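In: Sharing a model that was predicted from the sequence below.
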Amino acid sequence: MKGIGPLLLMICFFLCTQKKAFSQSMVKIEGGSYIPLYGRDSAKIIVRDFLMDVYPVTNEAFLSFVKEYPTWQKDKVRRLFADDNYLNDWESPISPGEKISLKAPVTNISWFAAKYYCECQDKRLPTIDEWEYVAMADETKKDARKDSTYNQKILEWYETPRTHKKEIGNTFKNYWGVYDMHGLVWEWTFDFNSVLISGASRKDMDNDRNLFCGSAAIGANDLMNYAAFMRYAFRGSIKANFAVKNLGFRCVKDIQDPSKNNSSNHKID
Amino acid sequence: MKSIFKSKRLSAEKVLIVCAFFIAACSNQQQSETPADQIQVAGTMDAELTAPPNVPLPVRNREAKKLIVNMEVLEKEGEMTDGVSYVYWTFGGSVPGSFIRTRVGDEVEFHLKNHPDNKLPHNIDLHAVTGPGGGATSSFVAPGHETQFSFKVINPGLYVYHCATAPVGMHIANGMYGLILVEPEGGLKKVDKEYYVMQGDFYTKGEYGKTGLQPFDMNKAIDEDADYVVFNGKVGSLTGDGAITANVGETVRLFVGNGGPNLVSSFHVIGEIFDKVYVEGGSMINEDVQTTLIPAGGAAIVEFKIDVPGTFILVDHSIFRAFNKGALGMLKVQGEDNKTIYSGKQSEGIYNPEGGSIQEMPGESDIPEEAVAQSLSDRMELGKQVYSRTCFACHQANGEGIANAFPPLANSDYLNADVNRAIDIVLNGKSGEITVNGVKYNSVMTKQVLSDEEVANVLTYVYNSWGNNKTEVTPAMVKSRKTGH
């Protein structure tokens, strides 16, 4: 945690001043409550109403963004905010090149870049709880986690290579009208690193027994959690300046009191 | 030492005793002086990594070193068996992962690289590591990134390594395991051939043999209901051209691991006895072992001297896994026969437990006549019975055979091309390479002890099933092959 002071300063410095929209349609997600993966012990999560981007952010949209905000072009970005992989598939700082579809989700984006992008449109990154809440839904149900075919499908997507090259809208439209929550790219969340996974999932039972109680805790009825395990493991492996080929993002927006706290969620015990 | 040799009055005997004492003291010192964790390293070297069935060069007498291991994690599509593909997650591009060979006292600097095209984070837990998680925590790495950690190997033995990222079972089930060998100081005793074999069980959405890209099936994995149980990541990796080889008179050492995720292996080599087994890969040596248990997440070293030529079959002796799920490999041995140790079939005759002296009363006939087919449908019915008890085990219920081991009889171009050749094979057996439906087989079919009637029936059954050309084979045809030519 060394150098957190300068870091905060720099983040403040980089706070988006000119808000601009890069045309992205959103849909309303009705709030509700659910028990997430790590909340076995009756820790229900309440999610308030919010708006979510229908699709992940595309190369095209991000291209407009870096043209508007040149400090986020790959040759200018500060290494503190994005590692060497940042936009490294792009042919040049202001062009993805012909091999990359403009309609494909933008990837190799750091958390800082994603967060800044959203803020510039008066939006923000979704919290893990919000993202997972929307991701529970299949075509017809708000919560399809108990549907084994739904989970099997998600696992199969996770195993399919190079899906990040597909264009947005390729996967199904879920209950809320949101596309591509599964099957295209991993997505950044605002508090991605609030759930720490050491990597040795068996060891985590000491740190947070609710999160990874070792394989022994995974009975057949918890099969629904396997896909979520993989997302949490992924989130645990990344840092805010990492840019990863399979990792993109989308934004959300509060419906009420957008000026208040970023997080619209509360844990109740 | 000098002073001893100066004194010429010492008897030769005394000199010998003194020398022997010194030598013993010296070698004792070498073996036991420094605790393994305090062995100093001398220099740095890059570890040789090999894909199965090969292993890196032995350590022999080299000093302990700082050993750099560069291991890349690759998620990639591969072939499970003919026509069936699977997305494997691998250490170093192979299943099992690259073999790592070290000696006691080595300080391993481990670099784990997660390829940018990969979708998932990974890590590595090496059972040879003394430390929490076996390296798992320290090596956790996102796609497109690299982590580094170091450890000193202090216990000799053969150890499994595997990925331990959640969900652990799925990472292992997709092929993320391999072996790391820690040789004692001075190395393992020299042998002629060394190979790397590792068993694993796989769970696919489609049943065994269902073609196409088969995804991992979590439910089957939880139920421990394996579709494939294989050596070295796929059906037939150690058969045909992939078979491991040796010559008569050589000693073979197999480093055998079991990645699991679920099943325990009853490892056996048909036609060999393990002269030595390093039980569970540790320091205890058992001798003269037929089948050794290899736990999931465990290993064993087996050694045997080969005395006779031929094909020796590696199996998991939980035998349906071998013949129906793929756990079958081959060791092909060339060299001179040794008829004292193994004669081959010496004679074949009538077995009559009652002795030959019992005479049948004239006219009395309690022995049922052999059923004689009166029609094609009779012949089919009787032939099916013969098939079930004689041919089924290898050629399988629907004539599909076993990939790389036993050729198919269904839709078989080889079969349909020549009925006389087919009769000859049933009568005389067949060995050597043949090509069936474009695939090469190099296996052995033994001579079948069947009557002319039975041969005719079973071949008729085969020819009239599974898309073959509907030839009817008669006992007369069989007889003519025996006598005619």
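Out: Received it, and whenever you're ready, just let me know what you need.
In: Looking at chain B, which residue is nearest chain A?
Out: B:Phe140 (2.6 Å; CB to the nearest CB). C-beta: built from backbone N, CA, C; applies to glycine.
In: Just confirm that residue contacts B:Cys163, I think it does.
Out: No. Between B:Phe140 and B:Cys163 there is no contact under CB atoms under 8 Å: 10.1 Å.
In: How about the residues of the stretch 1-150 of chain A by chain B?
Out: A:Asn85, A:Ser148 (CB under 8 Å from any CB of the partner chain).
In: List the contacts of the spatially closest residue to A:Lys67 that is not a sequence neighbour.
Out: Distances taken as CB to CB, 6 or more residues apart in numbering or on different chains place A:Ile94 nearest to A:Lys67, at 6.0 Å, with adjacent residues excluded. A:Ile94 makes contacts with A:Leu63, A:Val66, A:Lys67, A:Gln73, as judged by CB atoms under 8 Å, 6 or more residues apart in numbering or on different chains.
In: Going through those residues, which ones are buried?
Out: Among these, those classed as buried by 16 or more other CB atoms under 10 Å in any protein chain shown are A:Leu63, A:Val66, A:Gln73.
In: secondary structure element for B:Glu433?
Out: strand B:430-436 (DSSP states H and E).
In: Downstream of that strand, the next helix or strand is which one?
Out: strand B:439-445.
In: Let me see the ranges of the strands in the stretch 151-269 of chain A.
Out: Here the stretch 151-269 of chain A has its strands, by DSSP state E, counting those that start in this stretch, at A:186-187, A:247-248, A:252-254, A:265-268.
In: If I average pLDDT within each of those strands, which one is lowest?
Out: Mean pLDDT per stretch puts strand A:265-268 lowest among the strands of the stretch 151-269 of chain A, at a mean of 41.
In: before we move on, back to that, intersection of neighbour lists for B:Phe140 and B:Cys163?
Out: B:His122, B:Asn123.
In: one step back: mind listing which of the buried ones among the contacts of A:Ile94 are in helices?
Out: Judged by DSSP state H, the buried ones among the contacts of A:Ile94 include A:Leu63, A:Val66 as members of helices.
In: can the buried ones among the contacts of A:Ile94 go into CSV with extra columns for distance to B:Ala246 and pLDDT?
Out: Putting the buried ones among the contacts of A:Ile94 into CSV (distance: CB to CB, whole Å; pLDDT from 0 to 100) gives the following:
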residue, distance to B:Ala246, pLDDT
A:Leu63, 61, 96
A:Val66, 62, 96
A:Gln73, 61, 96
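In: any chance of the buried ones among the contacts of A:Ile94 in CSV, plus distance to B:Glu72?
Out: Formatted as CSV, these follow (distance: CB to CB, whole Å):
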residue, distance to B:Glu72
A:Leu63, 32
A:Val66, 31
A:Gln73, 30
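In: what's the closest of the buried ones among the contacts of A:Ile94 to B:Ile222?
Out: A:Leu63 (44.8 Å; CB to CB).
In: Give me the number of neighbouring residues for the nearest residue to the closest one once chain neighbours are set aside.
Out: Excluding the flanking residues, the one nearest A:Leu63 by CB to CB, 6+ apart is A:Pro96, at 6.5 Å. Per other CB atoms under 10 Å in any protein chain shown, the neighbour tally for A:Pro96 reads 20.
In: Could you list the low-confidence segments of the stretch 201-350 of chain B?
Out: B:349-350 (pLDDT under 70).
In: Now for B:Leu112: which residues touch it?
Out: Contacts of B:Leu112 (CB under 8 Å, 6+ apart): B:Met71, B:Val73, B:His122, B:Asn123, B:Ile124, B:Ser139, B:Val141, B:Glu146, B:Thr147, B:Gln148.
In: tell me the contacts of B:Asn464?
Out: When the contact criterion is CB under 8 Å, 6+ apart, the partners of B:Asn464 are B:Leu376, B:Met380, B:Lys470, B:Thr471, B:Glu472.
In: The same query, at a cut-off of 10 Å, please.
Out: Going by CB atoms under 10 Å, 6 or more residues apart in numbering or on different chains, B:Asn464 touches B:Leu376, B:Ser377, B:Arg379, B:Met380, B:Gly383, B:Lys384, B:Lys470, B:Thr471, B:Glu472, B:Val473.
In: Filter those residues down to the buried ones, ChimeraX style.
Out: A single ChimeraX command suffices to select whichever of the contacts of B:Asn464 are buried according to 16+ other CB under 10 Å:
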select /B:379,380,383,384,473
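In: Columns pLDDT on top of the contacts of B:Asn464, output as TSV?
Out: Listed next are these as TSV, based on pLDDT from 0 to 100:
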residue	pLDDT
B:Leu376	89
B:Ser377	89
B:Arg379	90
B:Met380	90
B:Gly383	89
B:Lys384	87
B:Lys470	91
B:Thr471	91
B:Glu472	91
B:Val473	93
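In: Export the contacts of B:Asn464 as TSV, with columns for secondary structure and distance to chain A.
Out: Output for these, formatted as TSV (DSSP: H, G, I helix; E, B strand; the rest coil; distance: CB to the nearest CB, whole Å):
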residue	secondary structure	distance to chain A
B:Leu376	helix	47
B:Ser377	helix	45
B:Arg379	helix	47
B:Met380	helix	42
B:Gly383	helix	43
B:Lys384	helix	39
B:Lys470	coil	42
B:Thr471	coil	45
B:Glu472	coil	48
B:Val473	coil	48
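In: Would you agree B:Leu158 is in contact with B:Val277?
Out: No. B:Leu158 lies out of contact with B:Val277 (CB atoms under 10 Å); the separation is 11.3 Å.
In: Can you check which strand is longest in chain B?
Out: When chain B is parsed with DSSP state E, its longest strand is strand B:66-81.
In: buried sites along that one?
Out: For strand B:66-81, the neighbour count (16+ other CB under 10 Å) marks B:Leu67, B:Ile68, B:Val69, B:Asn70, B:Met71, B:Glu72, B:Val73, B:Leu74, B:Glu75, B:Lys76, B:Met80, B:Thr81 as buried.
In: For the closest residue to the last one other than its chain neighbours, grab the count of nearby residues.
Out: So that's B:Thr81. Excluding its sequence neighbours, the residue lying closest to B:Thr81 (CB to CB, 6+ apart) is B:Val235, at 3.7 Å. If you count neighbours by other CB under 10 Å, B:Val235 ends up with 27.
In: again with A:Ser25
Out: 9.
In: Pull the contacting residues for the closest residue in space to it that isn't next to it in sequence.
Out: Distances taken as CB to CB, 6+ apart place A:Val54 nearest to A:Ser25, at 5.0 Å, with adjacent residues excluded. Contact analysis of A:Val54 by CB under 10 Å, 6+ apart lists A:24-27, A:168-169, A:173, A:176-180, A:250.
In: from those residues, which single one is nearest chain B?
Out: Of all these, A:Asp180 has the smallest distance to chain B: 14.8 Å, by CB to the nearest CB.
In: Not counting its neighbours along the chain, what's nearest that closest one?
Out: A:Thr171 (5.0 Å).
In: looking at it, the one you found is touching A:Thr160, isn't it?
Out: No. A:Thr171 is beyond contact range of A:Thr160, at 11.1 Å (criterion: CB under 10 Å).
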